[in-house]
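J.: Sharing a model that was predicted from the sequence below.
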Amino acid sequence: MQRLYLALFLLLFLSSPLYGKEGWKRSFEEEYLKIFPVDEAPKRNVCVSCHMSEIMRPELRTIPSQWSNSWHARNNISCHDCHGGDPEDEKNAMSPERGFIGKPSFRDVPQFCGRCHIGILEHYMKSGHGRSLRLTGHAPNCVTCHGSHEIQKASIEIINENLCSRCHSYERAKVMKQALSATERLIVDTDMALSVLKKKGMILQKENEEFFRTHAEFRTLFHTTDVNLVKERTEEFIGRLRAIETRLSQYFKELNFRRNYSVFLFLLFLSIGIMLYIFYNDRGKK
Amino acid sequence: MKLREFIDERIELSNLIRSQFSEYRVSERLNIFYTLGFVALAGFVVQFITGLFLLIYYIPHPQYAFQSVQRIMNEIPYGWLIRQVHVVGSNLMVAVVFLHMLSVFFMGSYKKPREFTWVIGAGMLFLTLTFCLSGYLLPWSQLSYWATTIVTNLPTAFPIVGECLADTLRGGKAVTGFTLSRFFGLHVALLPPLLSFLLALHIFLIRRTGISLPPWHASEGMKGSGHNIEGMPFYRFMLKELSIVMFYLAGIFFIIAFMPTLFLPDDANTPADPSNTPEHIRPEWYFLAPYEMLKLIPSKFLGITVQLLFVIIFLFWPFIDRSPERNILKRPVLLWTFIVVTGLWLLLTILGGY
């Protein structure tokens, strides 16, 4: 036994010059976590490496870090998804043959973004903003309100006095915002309800898809300047969201049932346990 | 009555029941810790039954595994209850087995003639952990995928054979569909009969050697059970054991009712994504101590050697500790070793959680 204790003590003593190395915990975790399946390994992105290097003009070097904080990055939308080109081939990264578009002109920005945001493009082009851009080339486009590489998740708060009054009075925008607000509140509530249900293990694919569709269609309305159209469509969106909400309330009822049923089983087994213990003690006394 | 006579005439079942439950006696001195082995056995039975139901709807394929578990949770009637009992039950079972081993150690019940009972019990503890490791991956969620990635990387700390060992465990360089198939096979086909066999052997040995008495009653003899001892009939002790099993089940339902996400956090509700490592991922709570220990010791080889040494010492402890004294309170060095090792294990588990 004494020899065993001595051996253990020696082993622990030998392993003691350990704890002070800076960043040891993080580097350990990185080493243990960053092993990817062969076909899942993150692919090389020459756009990012080149833009971050010394050869790039200073104002262009910040683009990768801006993008990495964006809503696009969080949804795996990378450089080539918008700008084209080949992010894995250094020589042909900017080749038009590989679909490289590069930076669009100010006038072409709506078409550039509208390749994915189709409904939004349609409403925008019919709006005063869109028509003015087409005619003069000097009206607010997508990047005026949303920015370019640091794009964040859109919310109704983008419509605000500071932003709108850079070009015109806020009055008309204010009316628009009021018309959209009720639906926006309902969207926020439904989104929260869906995430609460997900946290509790209820992943509702059908409801999630329907909510996403309604949400995306509603967002297109933010890009029109036609107040009547907004009022007209708002009713429809509220109806659709209320229908989702009704279905979600059923799931919340189901969660309540689960809790109550588990409480019942808890009390049942607790009572049986207590009775058995009393019975055991009684038999002892006899 | 006729059926009973019919059976008795042939196999004398009543005699067997009388001999094993009424005439077989158990000491009144056995405290509540002596019921933990039976609770662990009941825990295994609960896991087995709920596992059978889950097996009906679960699909062991990376593309469908997560969906099939979601279906069990949200579409199959009472599927949520079966899965929750399986998930919560597995964690509580590990806790009970740990407690059982600790109490057996503390009461010196591993000493002669019960050395083999200890070795098989310790083996079953490691088998239970293997059960948990293999079952944890099956839902194919972010949580299970990355926790398994960490744990299956642990053997790489071994020089030369480490990589080969980890690759064999995973079926490749990373956790993939091959790992899922292997772990599924291990979880439902290999481990249950193996554990059942060891359980039967464990119970057989307990019956042969008898239950030990707590060391502070050792003057009354070594045997706490048998046909020729003073005490209560075995069926009465079973009442006590069953009541603790009922409390164990009540504990499971308490967690399901009031802490349903305790063992199923957010990442358990997100399908596995091998290209996206979630923040703050860590192994299951019972692997936190070895994981944290590996982190603390800068040499991986030294880290894994220390752990392996601990496992070997733990497994064969009755053959290392040859002192005839069973009462740990009369052995201050052993008592302090017990306190320090248990305290360190708890500390490392808590540290690993942050």
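T.: Perfect, thanks for sending it.
J.: What parts of the stretch 1-150 of chain B come near chain A?
T.: Within the stretch 1-150 of chain B, the positions near chain A by CB under 8 Å from any CB of the partner chain are B:28, B:70, B:73-74, B:80-81, B:84, B:146, B:149-150. All C-beta spots, glycine's among them, are computed from the backbone N, C-alpha and C.
J.: which among these end up buried?
T.: Buried members of these, counted by 16 or more other CB atoms under 10 Å in any protein chain shown: B:70, B:73-74, B:80-81, B:84, B:146, B:149-150.
J.: now, which of those residues sits nearest B:C164?
T.: B:T149 (17.6 Å; CB to CB).
J.: How about that closest one: what's its closest non-neighbour residue?
T.: Excluding its sequence neighbours, the residue lying closest to B:T149 (CB to CB, 6 or more residues apart in numbering or on different chains) is B:V175, at 5.1 Å.
J.: Check the secondary structure at the one you found for me.
T.: coil (DSSP: H, G, I helix; E, B strand; the rest coil).
J.: still on that earlier bit, using JSON lines, please lay out the residues of the stretch 1-150 of chain B next to chain A together with pLDDT and secondary structure.
T.: JSON lines is the format used below for these (pLDDT from 0 to 100; DSSP: H, G, I helix; E, B strand; the rest coil):
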{"residue": "B:E28", "pLDDT": "86", "secondary structure": "coil"}
{"residue": "B:Q70", "pLDDT": "92", "secondary structure": "helix"}
{"residue": "B:M73", "pLDDT": "93", "secondary structure": "helix"}
{"residue": "B:N74", "pLDDT": "90", "secondary structure": "helix"}
{"residue": "B:W80", "pLDDT": "96", "secondary structure": "helix"}
{"residue": "B:L81", "pLDDT": "97", "secondary structure": "helix"}
{"residue": "B:Q84", "pLDDT": "97", "secondary structure": "helix"}
{"residue": "B:W146", "pLDDT": "90", "secondary structure": "helix"}
{"residue": "B:T149", "pLDDT": "89", "secondary structure": "helix"}
{"residue": "B:I150", "pLDDT": "85", "secondary structure": "helix"}
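J.: quick one: what helix or strand has B:L195 in it?
T.: helix B:191-209 (DSSP states H and E).
J.: following that helix, which helix or strand shows up next?
T.: Per DSSP H and E, the helix or strand that comes after helix B:191-209 is strand B:225-226.
J.: In contact with B:L198, which residues?
T.: B:L198 is in contact with B:120, B:123-124, B:127, counting by CB atoms under 8 Å, 6 or more residues apart in numbering or on different chains.
J.: quick one: it from B:A250, how far?
T.: 28 Å (CB to CB, to the nearest Å).
J.: How much space separates B:L195 from chain A?
T.: 24 Å (CB to the nearest CB, to the nearest Å).
J.: Among the contacts of B:L198, name the buried ones.
T.: B:120, B:123-124, B:127.
J.: how about those residues, which pair is most distant?
T.: B:I120 and B:L127 (10.0 Å).
J.: Could you list the single helix or strand in the chain with the lowest mean pLDDT?
T.: If you meant another chain, say so; for now it's chain A. Ranking every helix and strand in chain A by mean pLDDT, DSSP states H and E puts helix A:24-33 at the bottom, with a mean of 56.
J.: You answered for a different chain; I wanted chain B.
T.: Ranking chain B's helices and strands by mean pLDDT, DSSP H and E puts strand B:225-226 last, a mean of 78.
J.: Which pLDDT does the model give residue 60?
T.: Picking chain A for this. A:L60 is assigned 89 on the pLDDT scale.
J.: nope, chain B please
T.: Reported pLDDT for B:P60: 94.
J.: ok, now which ones touch the closest residue to it other than its chain neighbours?
T.: Using CB to CB, 6+ apart and skipping the chain neighbours, the partner closest in space to B:P60 is B:F184 (4.0 Å). By CB under 8 Å, 6+ apart, B:F184 lies in contact with B:60, B:134, B:138.
J.: Just the CA coordinates for the helix or strand hosting the second one, please, in CSV.
T.: B:S134 belongs to helix B:115-137 when assigned by DSSP H and E. Listed next in CSV are the C-alpha coordinates belonging to helix B:115-137 (Å, rounded to 0.1, in the frame of the first residue of the first chain):
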residue,chain,number,x,y,z
GLU,B,115,-13.2,-9.4,-4.3
PHE,B,116,-14.8,-10.9,-7.4
THR,B,117,-18.1,-9.2,-6.7
TRP,B,118,-16.3,-5.9,-6.6
VAL,B,119,-14.3,-6.5,-9.8
ILE,B,120,-17.5,-7.5,-11.7
GLY,B,121,-19.4,-4.5,-10.2
ALA,B,122,-16.6,-2.1,-11.3
GLY,B,123,-16.7,-3.7,-14.7
MET,B,124,-20.4,-3.1,-14.9
LEU,B,125,-19.8,0.6,-14.0
PHE,B,126,-17.5,0.9,-17.1
LEU,B,127,-20.0,-1.0,-19.2
THR,B,128,-22.8,1.4,-18.0
LEU,B,129,-20.6,4.3,-19.1
THR,B,130,-20.0,2.7,-22.5
PHE,B,131,-23.8,2.2,-22.7
CYS,B,132,-24.2,6.0,-22.1
LEU,B,133,-21.5,6.9,-24.6
SER,B,134,-23.0,4.8,-27.4
GLY,B,135,-26.6,5.9,-26.7
TYR,B,136,-25.7,9.6,-26.5
LEU,B,137,-24.8,9.7,-30.2
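J.: Of all the residues in it, which ones are buried?
T.: Result for helix B:115-137 [16+ other CB under 10 Å]: buried residues B:115, B:117-125, B:127-137.
J.: Just give me how far it sits from the chain centre.
T.: Computed by CA atoms, centre = their mean, to the nearest Å, the chain-centroid distance of helix B:115-137 equals 6 Å.
J.: Residue 195 - how many residues pack around it?
T.: All of this refers to chain A. Residues lying near A:S195 (other CB atoms under 10 Å in any protein chain shown) number 11.
J.: Chain B is the one I meant
T.: Neighbours of B:L195 using other CB under 10 Å come to 20.
J.: try B:R114
T.: Neighbours of B:R114 using other CB under 10 Å come to 22.
J.: who touches it in this structure?
T.: Contacts of B:R114 by CB under 8 Å, 6+ apart are B:205, B:209, B:212, B:318.
J.: What distance do you get for it to chain A?
T.: From B:R114 to chain A the distance is 19 Å (CB to the nearest CB).
J.: one step back: I'd like the mean pLDDT over the helix holding B:S134, please.
T.: For helix B:115-137, the per-residue pLDDT averages 96.
J.: helices and strands around it, which ones?
T.: On a contact count with 3 or more CB pairs under 8 Å, 6 or more residues apart in numbering or on different chains; DSSP states H and E, helix B:115-137 meets helix B:79-106, helix B:142-153, helix B:177-185, helix B:191-209, helix B:300-315, helix B:317-320.
J.: Where does the prediction get shaky in the stretch 101-250 of chain A?
T.: Within the stretch 101-250 of chain A, no stretch has pLDDT under 70.
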